[in-house]
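Student: build me a model from this:
(chains A and B)
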Amino acid sequence: MEKSTEQQLIENVKSLTDRMGLVDEIFRQLRVGRNMVLAFQCGHTGLFYPGDYLKEWGRKYGIGLGPTPVSEALDTDYNTPPPEITRDTRSLDSIMHPVGPCMTQLDAHLVEAGAFAAGKAILHSEDPYYDRRIVIIRAKQMVNPASKLPIMAAKWAGKGGR
Amino acid sequence: MQPVIIQDAIAIAANTINDNVIASNDSLRGLLESPFPARGRLLAVISATGLRIDMGYGSKLIASSCDARVSTSTPDDPLDVVNDEWFCQEGDQLVLRAANTTGAAITLRYTIILEPMVGDDFVPGTPYQLPPDVLVMQRGPVSIAANAVDVQLLDGLRFERVNVPSVLRVLMTQSAAGLFRQLYIDQDRIAPPSAISLNNRIPQDPFDSTITGVEVPPNALQQLQVSNSTAGALNVFWKTKNAQLVRT
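Tutor: Numbering: from 1, shown residues only, chains lettered A, B, ... in the order given. Predicted coordinates:
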């Protein structure tokens, strides 16, 4: 492991605890060929956030979400109905159940680098207008039984797309 | 005479502007106009960043282009108050405008409380002398680049200058340590560089108050400057409240 990577790992763990057992475990796993990384897992979505999430809270992550680190993963509010289709609605893409950061607890884990990459969350700083995340969330809203979006999609299609 | 309370949670579609969210809810249409001379209070939170609101009554604007705190629940009173000192006449139409510039639908949860300034003996149609309004702007997050200075956070905004004498209060927070703020009124430095609260959210009154009691002459430039002395970008959240001394 490179020196800078090791130093960053130590600083990330120090933001969590004074005990360096996690660092020792990472090096132990590395000796048997398993590349483990420190990650923070969202309690609601199960998505992973990088190991510097706590250390960089308010700088790279969680801008505007308060002083306590929480998950910035998006969640759908099925209790609030989607906006009505009006004469100003140009595309069904603008109609959906509203979303917002779930703000649930995060748990620190050691995960394999491959698993981290597969389950990594899209950061808000990478997608500030939600364009990438909304594609994923809309697909979930179309199949969720609590969603009104399929009904509205049918209404939109019935009006010939207007 | 009882206060009127308007409370709703409404989804604002992606990339759209709702010119009056009160009118969007059919059950609230009967409350569009104030039934008596009243003191108004506006509270608001949003489900995700990217939604801005404007509030006015009649032809007057009392909250201009305001961001709100991100929350998953209803607004807290009094912490999520946007403006709680505006005064409308009987019959003034309430307008709460919401603009969503993102690709996702966002929920606006708001409460408007109209507290009567008159008693049960009020005769509708009688003119009533009202106090001056407080004018509010609040924004955040506003990114300040590493080792950079934003010389005027209020640049080009509606209440950068107020055309009557007023008393200014400023509330601010930052997302992480490293920002310093200064305030100038025209050429005069009113507040030297000072650190601000670390709460990483829209400022709450009174906890995040940083400058109070500043007398602002009519049409004077209110210059709120922020500097970032760190090696990474930081975000600032700010709120200005101009208590007008003359009713316009």
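
Student: who's in contact with residue 109?
Tutor: Going with chain A. By C-beta atoms under 8 Å, 6 or more residues apart in numbering or on different chains, residue A:109 lies in contact with A:38, A:39, A:40, A:41, A:48. (Glycine included, C-beta is placed from N, CA and C.)

Student: correction: the question concerned chain B.
Tutor: With C-beta under 8 Å, 6+ apart, residue B:109 has these contacts: B:8, B:9, B:44, B:45, B:46, B:47, B:71, B:73, B:74, B:75.

Student: which positions in chain B make contact with chain A?
Tutor: Within chain B, the residues that sit near chain A (C-beta under 8 Å from any C-beta of the partner chain) are B:9-16, B:18, B:24, B:46-50, B:69-70, B:72, B:101-107, B:140-141, B:174-176, B:198-202, B:232-235, B:237.

Student: any chance of TSV for the contacts of residue B:109, columns pLDDT and secondary structure?
Tutor: Formatted as TSV, those follow (pLDDT from 0 to 100; DSSP: H, G, I helix; E, B strand; the rest coil):
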residue	pLDDT	secondary structure
B:8	96	strand
B:9	96	strand
B:44	98	strand
B:45	97	strand
B:46	97	strand
B:47	97	coil
B:71	94	coil
B:73	92	coil
B:74	94	coil
B:75	96	coil
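
Student: who are the neighbours in contact with residue B:64?
Tutor: B:54, B:135, B:136, B:137, B:157, B:158, B:159.

Student: now the buried members of those.
Tutor: The neighbour-count criterion (16 or more other C-beta atoms under 10 Å in any protein chain shown) marks B:54, B:135, B:136, B:137, B:159 among those as buried.

Student: filter those down to just the ones in strands.
Tutor: B:54, B:135, B:136, B:137 (DSSP state E).

Student: out of those residues, who's nearest residue B:219?
Tutor: Of all those, residue B:219 sits closest to residue B:135, with 13.6 Å by C-beta to C-beta.

Student: could you measure the closest residue to residue B:122 other than its chain neighbours against residue B:110, distance?
Tutor: What sits nearest to residue B:122 in space, not counting adjacent residues and going by C-beta to C-beta, 6 or more residues apart in numbering or on different chains, is residue B:36, at 6.0 Å. To residue B:110, residue B:36 is 21 Å away according to C-beta to C-beta, to the nearest Å.

Student: who are the contact partners of the spatially closest residue to residue B:116 that is not a sequence neighbour?
Tutor: Nearest residue to residue B:116, sequence neighbours excluded (C-beta to C-beta, 6+ apart): residue B:1, at 4.3 Å. By C-beta under 8 Å, 6+ apart, the residues touching residue B:1 are B:36, B:116, B:118, B:119, B:120, B:122.

Student: tell me which parts of chain A are close to chain B?
Tutor: Checking chain A against chain B by C-beta under 8 Å from any C-beta, the hits are A:57-60, A:62-67, A:74, A:77, A:80-84, A:88-89, A:93-103, A:128-131, A:133-134, A:137.

Student: got the contact list for stretch A:42-50?
Tutor: Residues outside stretch A:42-50 that contact it (C-beta under 8 Å, 6+ apart): A:39-41, A:61, A:71-73, A:75, A:102, A:104-107, A:109, A:111, A:115-116, A:119-121, A:123.

Student: so what's residue B:107 bridging to?
Tutor: residue B:11 (DSSP bridges).

Student: what is the burial count for it?
Tutor: Other residues lying near residue B:107 total 22 when counted by other C-beta atoms under 10 Å in any protein chain shown.
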